[in-house]
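Student: Below are the sequence and a predicted model; questions follow.
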Amino acid sequence: VHSGIQNLRAQEELVDAAFFKVFDLPLIAGDKASALTAPDAVMLTEAVARNYFPDKSSMDQIIGQTLRLTDLEGTNAYRVTAILRDPPATTDLRFDIVRLITPRTQNAYENWNNWASREASIYLHFARPSDAAQLNANFDRFTDARAANCFVSLKAHKTRRLRLEPLKSLHLHNIQTRTS
């Protein structure tokens, strides 16, 4: 992150536009409905916003400011659209900056669509537990159909297992001890 003459490090999370439909995180400034509607939009945590814009006396003054980020997409200007309340220390969601996944993002990461090289956390919200169970039951077939070219010697689902886990399970249990 380039702030004035400083270069700072930050944890960036890439999300889709439905972020607030899954995570009802509180904003200090900005609007949830419009925070992630443009490819140059970026949301900051309160601590990061204060660090990057120390001359601003309120969080509302940071909305609309420009921040330059450097990552695999290169160095690009982003417009601050929201300030998130700092997440509690006990959360598994660790981020300083939140911005949209875009086609440009996907093109910048050489192996974005390669099943053998990408690891990601995807969060879904289901109205009914039965919907989650139905999706879980179809993951092996889905993986075999989509990733067959990546794993010639094995069925793809034997190498890449997709499974839904309740958030409480992810947070309260060690990943090594969960059953699939």
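Tutor: Thanks, I have it.
Student: In the protein, which strand is the longest?
Tutor: With secondary structure taken from DSSP state E, the chain has its longest strand at strand 74-84.
Student: Off-centre distance for it?
Tutor: 14 Å (Cα atoms, centre = their mean, to the nearest Å).
Student: For it, list every residue counted as buried.
Tutor: Neighbour-count burial for strand 74-84, counted by 16 or more other Cβ atoms under 10 Å, picks out Tyr78, Val80, Thr81, Ala82, Ile83, Leu84. Where you see a C-beta, it was placed from the backbone N, CA and C, and this is true even at glycine.
Student: what helices or strands is the helix or strand that it is followed by leaning on?
Tutor: As assigned by DSSP states H and E, the chain's next helix or strand after strand 74-84 is strand 97-100. Secondary-structure packing of strand 97-100 (3 or more Cβ pairs under 8 Å, 6 or more residues apart in numbering; DSSP states H and E): strand 12-15, strand 41-45.
Student: Could you export the helix or strand that the first one is followed by as PDB, CA atoms only?
Tutor: To tie it back to what came earlier, the one meant is strand 12-15. Using DSSP H and E, the next helix or strand after strand 12-15 towards the C-terminus is helix 19-22. Taking C-alpha atoms only, helix 19-22 is exported to PDB below (Å, rounded to 0.1, in the frame of the first residue of the first chain):
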ATOM      1  CA  PHE A  19     -19.900 -10.000   0.800                       C
ATOM      2  CA  PHE A  20     -22.300  -8.200   3.100                       C
ATOM      3  CA  LYS A  21     -25.100 -10.800   2.400                       C
ATOM      4  CA  VAL A  22     -22.900 -13.400   4.100                       C
END
